[in-house]
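Participant: Fold the following for me, if possible:
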Amino acid sequence: MNYYGKGSRILSLASVLAMVCYGLLARLLLHRYDRLFDAGYTSLDVSLCGKTMQYFIWWGAGLAGWLFIGSADSDSRRHRAGIWGMLQCILAWVLADPAASLGRMNDGFGIMLILFAPLATLPSFAAALIIGKMQNSCKSPQSYFRSRLYCFLVILTFMVTTISSFLCAEIMASGKTPHLTDSERRDTKIEQRGGN
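Facilitator: Now for the predicted structure:
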């Protein structure tokens, strides 16, 4: 029992850290995409990367939250719900800009997602809160350990999907030459002549 209790606490902390890392990863990928776009790689198709972040805002964080919130103690459930609610709303706002930019949502929907990201994630958090509170308090420590493990794996799955879709798009774009403007072409020709 003690082993599962400690393991559950470690996995809870790992899940919170994974959420923070996902937000940092999203900002890093957006920065890298901006640099590649400025370099002329306009054909870099990272829409799946942005869509994955969008799906995490809509329902992925709620699914992980449901697995995180459940606890035998009602006070612990309240604390867990408060921690997860703050984390989910903040992360939704952090992920909204990369999700809209990388998901190629250049319309009103993308702007609405950026402005109202916490409201977009609120239904999934409400569902996680209701289901988490309805969970049977007589569950064994092993079941809570498994819940925390699944919570961590859900976040990890979204992170891996986001990274792999971005890397696939980057690999596909690396085989193509960047799109250069006329002035950049002239500068390149001048540099080539100067080298000769």
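Participant: For the nearest residue to Ala99 once chain neighbours are set aside, what is the enclosing helix or strand?
Facilitator: The shortest distance from Ala99 to any residue that is not its chain neighbour, by C-beta to C-beta, 6 or more residues apart in numbering, is 3.8 Å, and that residue is Met53. From N, CA and C alone the C-beta is placed, and that goes for glycine too. Secondary structure assigned from DSSP states H and E places Met53 in helix 47-55.
Participant: what's the model's confidence in that helix, averaged?
Facilitator: In this model, helix 47-55 carries a mean pLDDT of 93.
Participant: What are the contacting residues of that helix?
Facilitator: By C-beta atoms under 8 Å, 6 or more residues apart in numbering, the residues outside helix 47-55 that reach it are 26, 29, 95, 98-105, 113, 158, 161-162, 165-166, 169.
Participant: Now name the helix or strand holding Met19.
Facilitator: For Met19, the enclosing helix or strand under DSSP H and E is helix 2-38.
Participant: That helix to helix 47-55, inter-axis angle?
Facilitator: Taking axes from the mean of the first three to the mean of the last three C-alpha atoms, to 10 degrees, one finds helix 2-38 and helix 47-55 inclined to each other by 130 degrees.
Participant: which residues of this structure score low on pLDDT?
Facilitator: Residues of the chain meeting the criterion pLDDT under 70: 1-2, 42-43, 136-138, 175-196.
Participant: Test my guess that Thr121 contacts Leu63.
Facilitator: No: under the criterion of C-beta atoms under 8 Å, Thr121 is not in contact with Leu63, lying 11.6 Å apart.
Participant: Looking at these two, which is more packed in?
Facilitator: More neighbours sit around Thr121 than around the other of Thr121 and Leu63, counting by other C-beta atoms under 10 Å; the figures are 27 against 19.
Participant: so who does the more buried one touch?
Facilitator: 57-58, 61-62, 88-89, 92.
Participant: and what of Tyr33?
Facilitator: Residues touching Tyr33, when contacts are defined by C-beta under 8 Å, 6+ apart, comprise 44, 46, 101-102, 166.
Participant: Let me know the closest of these to Asp34.
Facilitator: Ser101 (8.2 Å; C-beta to C-beta).
Participant: Would you quantify the distance from Leu48 to Val154?
Facilitator: Distance of Leu48 to Val154, given as C-beta to C-beta, to the nearest Å: 18 Å.
Participant: which of those two has more neighbours?
Facilitator: Set side by side, Leu48 and Val154 show more neighbours around Val154, with 22 against 17, by other C-beta under 10 Å.
Participant: Apart from its chain neighbours, what residue comes closest to the more buried one?
Facilitator: The shortest distance from Val154 to any non-neighbouring residue, by C-beta to C-beta, 6+ apart, is to Ala64 (4.4 Å).
Participant: Now the phi/psi pair for that neighbour, please.
Facilitator: Per-residue torsions, Ala64: phi -60, psi -40 (degrees, to the nearest 10).
Participant: Verify the contact between it and Ile155 for me.
Facilitator: Yes: distance between Ala64 and Ile155: 5.4 Å, which falls inside the contact criterion (C-beta under 8 Å).
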